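Here you go, sequence then predicted model.
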Amino acid sequence: MLTVMGINMENIIKNNSIPYLSEKKIWINNKTDLFIIIGIFLSIFIYSYVFFITPFEFYLGYLIYIILFPYLIKKFGINKNLVFIFFILFVNGIFMILLGYNTSGFFFKVFIGLFLSYIFYDNVIKLFNFDLNTLFKWYLKGALWVSYIGLFQLISWLLHFKKGYELFGLLNKWGISPGGIFGIRINSIYCEPTHYGAFMAAAFFAAVYSILPIKKNMQNYYNIHEAVIVIVIYFLTSSGLAQYGILLTGLLLFLHFGVIRYFVVFIPIIILGFNIIYNNVDEFKQRMDGLVDLFIHNKFTLGKTHGSSFILYNNYVVAFKNFWSNPVFGTGIGSHPVAFEKYSLAKNFKVEGFNNNSRDANSMFLRLVSETGLFGTTLFLVLTFKGFVRRQPDIPDHFWVISSGCLIIILLNLFRQGHYFFNGFPFYFLLYIYNKIKFKEFIQNQKV
């Protein structure tokens, strides 16, 4: 039973108004059904186009929410049990506004978006009748097309076809990132390579798994050509976060296929892979060196320490100083910018750029600590820990593949992406949790 802080999470997540964990297959009866599915997945892939930026950034995904939300609410209603957690966050948020730890603007902007996105993707999973394997395969199809666009971007760069590698200027919150092996860090349709590294990680895991020779009678999520494209383009992001995704993929495969049996093989590969990345990807090396200097040696040198490493360290200091203001429930959803103004180490720096990511703490873990305290952080981490599905003999592989792929996305966002619902993060988290619930149901049925 997924129980956290005395709460039965299975009851909170599920909605008793529909057959729980139905085995019905996904429908595509007509063009309307297909357009709905395409719209849903555009909402998790396209965040590099913004319609306006004030009073908040309005992305394509939000437009899809507005279009599909009435249909989903009419069909499934609102998961009243899921409201339980958000009600606690809402009450605390209002209280923190009254105490001056947050502003109503910051709170409602983030809280409404966060709440609606979880309701939206909860209903999306119900729309797929809890057929999580099909849902995950649709994500992988989308990820493959993202990889193809990344390949087109690379070829255009090598051919000096400017309109091609700039994707014909179709995306307005997007830019070229110089660096990497060929002089460009691939980001495809994502705003930047870091976002690509974070949200394409599950596709990378599935691609690596698809080409492993150690599988027996297991499904391939990609054929060899598709897998190679997904893997190669993921590498060519030259993103530090993608490198962590690669290392996590190796560690999880090592865990799934046996600590003893593959110890001699995987550990040297992981160590060798880390050294290759560290010594050949300058961006990764600089970030790692910066993190070591800051977190271990408390050493910062302006002009030498990597800016991104300092930004993460600065938000770490802000988050934990703010945490002690209200350690139980935090200072409220959306309050980190207020705390940043109080505690930032860089607020007196004359050099620009060191106060970046003040709104999202540069890390979801730090943001949870700062804004939701022990309640939100513990709830999230325990759900993540309890939601993991480890590979077992004679159990369909999609359970642990979905679990591992989504877990990598979750961990990468905890480390370096602080936005609660950017690029459809709630979709991956809910998919991860529902996958564990359905896995438990499968095991129970096997015993009958």
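Yes, it's here.

What is the burial count for Asn280?
Counted with other CB atoms under 10 Å, residues neighbouring Asn280 total 11. Just so you know, the C-beta spots here come from the backbone N, C-alpha and C atoms, and that holds for glycine as well.

per-residue confidence at it?
At Asn280, the model reports a pLDDT of 73.

now swap in Val401 and tell me
95.

Would you map the strands across the stretch 251-400 of the chain?
According to DSSP state E, counting those that start in this stretch, the stretch 251-400 of the chain carries no segments that qualify as strands.

Leu412 touches Leu247, doesn't it?
No. Applying CB atoms under 8 Å as the test, Leu412 and Leu247 come out as separate, 10.6 Å apart.

Looking at those two, which one has more neighbours?
Taking neighbours as other CB under 10 Å, Leu412 and Leu247 compare with Leu412 leading, 21 against 15.

quick one: the more buried one from Cys406, how far?
For Leu412, the distance to Cys406 equals 11 Å [CB to CB, to the nearest Å].

In the stretch 151-300 of the chain, where is pLDDT below threshold?
Within the stretch 151-300 of the chain, the stretches with pLDDT under 70 are 214-219, 258-267, 269-270.

same thing but at 90, please
179-181, 211-220, 238-240, 243, 247, 250-251, 253-300 (pLDDT under 90).

Which residue ranges of it form helices?
Secondary structure of the stretch 151-300 of the chain, counting by DSSP state H, counting those that start in this stretch: helices at 162-165, 193-199, 201-211, 224-235, 240-256, 263-280, 282-295.

Export only the CA atoms of stretch 200-212, formatted as PDB.
As requested, the backbone C-alpha atoms of stretch 200-212 are provided in PDB (Å, rounded to 0.1, in the frame of the first residue of the first chain):
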ATOM      1  CA  MET A 200      14.100  13.100 -23.200                       C
ATOM      2  CA  ALA A 201      15.800  11.000 -20.500                       C
ATOM      3  CA  ALA A 202      13.000   8.300 -20.500                       C
ATOM      4  CA  ALA A 203      13.300   7.900 -24.200                       C
ATOM      5  CA  PHE A 204      17.100   7.600 -23.900                       C
ATOM      6  CA  PHE A 205      16.600   4.900 -21.300                       C
ATOM      7  CA  ALA A 206      14.100   3.000 -23.500                       C
ATOM      8  CA  ALA A 207      16.500   3.300 -26.500                       C
ATOM      9  CA  VAL A 208      19.500   1.900 -24.600                       C
ATOM     10  CA  TYR A 209      17.300  -0.900 -23.300                       C
ATOM     11  CA  SER A 210      16.100  -1.700 -26.800                       C
ATOM     12  CA  ILE A 211      19.600  -2.400 -28.100                       C
ATOM     13  CA  LEU A 212      20.900  -4.400 -25.100                       C
END
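
buried set for that stretch?
Residues of stretch 200-212 classed as buried: Met200, Ala201, Ala202, Ala203, Phe204, Phe205, Ala206, Ala207, Val208, Tyr209, Ser210, Ile211 (neighbour count, 16 or more other CB atoms under 10 Å).

residue ranges of the helices in the stretch 1-150 of the chain, please?
Counting by DSSP H, counting those that start in this stretch, the helices of the stretch 1-150 of the chain are 9-13, 31-45, 60-76, 83-99, 104-127, 132-158.

would you turn these into TSV with distance to Asn298 and mean neighbour count?
Below are those laid out as TSV (distance: least, CB to CB, whole Å; neighbours: other CB atoms under 10 Å):
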stretch	distance to Asn298	mean neighbour count
helix 9-13	39	18
helix 31-45	39	16
helix 60-76	40	16
helix 83-99	31	17
helix 104-127	30	20
helix 132-158	38	19
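
for Gly373, what are its contacts?
Contacts here follow CB atoms under 8 Å, 6 or more residues apart in numbering; on that basis Gly373 touches Phe323, Asn326, Pro327, Val328, Phe329, Gly330, Thr331.

Turn the buried ones among these into a named ChimeraX selection, would you?
To isolate the buried ones among these in ChimeraX, judged by 16+ other CB under 10 Å, type:
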select :323,326,329,330,331
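
wait, which of the contacts of Gly373 is closest to Phe380?
In terms of CB to CB, no member of the contacts of Gly373 lies closer to Phe380 than Gly330, at 11.8 Å.

just to revisit the earlier point, so which of the helices of the stretch 1-150 of the chain gets nearest Ile276?
It is, among those and with distance given as CB to CB, helix 132-158, at 20.5 Å.

Hmm, Val338 and Phe106 touching each other?
Yes. Phe106 is in contact with Val338 according to CB under 8 Å; the separation is 6.8 Å.

Can you give me the distance of Cys191 to Ile181?
Counting by CB to CB - Cys191 and Ile181 are separated by 21 Å.

And those two? Which one has more around it.
The residue with more neighbours, out of Cys191 and Ile181, is Cys191; 19 against 12, by other CB under 10 Å.

now that one: how far from Gly183?
Separation of Cys191 from Gly183 (CB to CB) stands at 20 Å.

Likewise for Phe76?
48 Å.

How about Leu411?
Applying CB to CB to Leu411 and Gly183 gives a distance of 30 Å.

one step back: and the contacts of Gly373, which of them are in helices?
Phe323 (DSSP state H).

of all the contacts of Gly373, which comes closest to Gly240?
So of those, ranked by how close each gets to Gly240 (CB to CB), first place is Phe323, at 25.8 Å.

which ones are touching that closest one?
Gly330, Val369, Ser370, Gly373.

now, which of these sits nearest Val318?
Ser370 (6.9 Å).

which ones are touching the closest one?
Val318, Ala319, Phe320, Asn322, Phe323, Gly330, Thr331, Ser335, His336, Ala339, Ala361.

I'm done for today, thanks for sticking with me.
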